[in-house]
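**Q** My questions concern the predicted model and sequence given below.
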Amino acid sequence: MIKGEIIMSDNKVTRTIVGGHPTGIIGLQPILEEVAKELTGRTDDEIKAKLLKRLSEKNYISSKTKDVYGQAFLGEYKKFVGEPFEDTEAGGLEIKVLGMGCPRCEKLEQDLMSMMAELNIAAGLEHVRDPIEIANYGVIGSPALIINGSVKAVGSVPPKNKLKEWLLEATKTATE
C-alpha cells in the first residue's frame, strides 16, 4: 500500500486505500480534523455521512462507490482519532516503516521487501516519510516498524530472523 502526500495547488492529496486500490483524496487531513471536532461521540454512520459529504465537494465519488469510499473514510477517521478499526478490505498484512529516509530507514524497507519475497507474503508496505504523519503514530525514534497496527521496533533495524518471525506471526494471525 502506498500512502503519501502530493502538493496540488492549495490542497494536499493524501493517497489511501479505497476498495483495495491506492486512491488520491484531496483535502482528507483538514476534513478529518474538522469532523473529529464536530462529531465526537456520534455514530459511525453519522461520521461516515459527514465525511462523504465534505470530501465529495473536492473529490469525484460516484453513487455506485459511495459505500466503499465511506468505509475507507471511516477507517481513516478512526485511525486519525486513535480508535480501533477493523479494515475489512485488507486481506493481508499492512506494514509501515516510519522514517524520513535515513540509510537505516531505507535498509529496513529493503530488508522487509527481501523477506516478503523470500516468504512469498503479499503485504502492503508503506514508507511514511512525512514528519507530521510519523508523529501521529506516537513513536519517538526512527526507523520504526509497524505491522498491522502493532509497533514492533523503534530506533533500530531488527535482524532479518526477527523480521521473518514477525511477518510469519502476522500472516498466521491475519488468516485465522
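**A** Done, it's in.
**Q** give me the number of residues near the spatially closest residue to L98 that is not a sequence neighbour?
**A** Leaving aside its chain neighbours, L98 sits nearest to A144 (4.0 Å; criterion: C-beta to C-beta, 6 or more residues apart in numbering). All C-beta atoms are positioned from the backbone trio N, CA, C, and that covers glycine. The local packing of A144 (other C-beta atoms under 10 Å) involves 23 other residues.
**Q** Can you tell me how far A144 is from K53?
**A** 35 Å (C-beta to C-beta, to the nearest Å).
**Q** quick one, domains of this protein?
**A** Each domain of the chain is listed here as a residue range: 5-81, 93-175, per automatic domain parsing.
**Q** okay, those in CSV with mean pLDDT next?
**A** As requested, the domains of the chain are exported to CSV (pLDDT from 0 to 100):
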stretch, mean pLDDT
domain 5-81, 83
domain 93-175, 88
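**Q** As a check, name the ranges of all strands in this protein.
**A** 5-8, 11-18, 21-26, 93-98, 123-128, 144-147, 150-154 (DSSP state E).
**Q** Can you name the residues in contact with the fourth one?
**A** Taking contacts as C-beta atoms under 8 Å, 6 or more residues apart in numbering, the residues outside strand 93-98 that touch it are 1, 87, 105, 108-109, 112, 121-128, 134, 137, 139, 142-149, 167, 170-171, 174.
**Q** and those residues, which are buried?
**A** Among those, the ones that count as buried by 16 or more other C-beta atoms under 10 Å are 1, 105, 108-109, 112, 121, 123-124, 126-128, 134, 137, 139, 142-148, 167, 170-171, 174.
**Q** before we move on, back to that, need the strands of the chain in JSON lines with distance to D44, can you?
**A** Below are the strands of the chain laid out as JSON lines (distance: least, C-beta to C-beta, whole Å):
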{"stretch": "strand 5-8", "distance to D44": "26"}
{"stretch": "strand 11-18", "distance to D44": "17"}
{"stretch": "strand 21-26", "distance to D44": "19"}
{"stretch": "strand 93-98", "distance to D44": "20"}
{"stretch": "strand 123-128", "distance to D44": "23"}
{"stretch": "strand 144-147", "distance to D44": "24"}
{"stretch": "strand 150-154", "distance to D44": "23"}
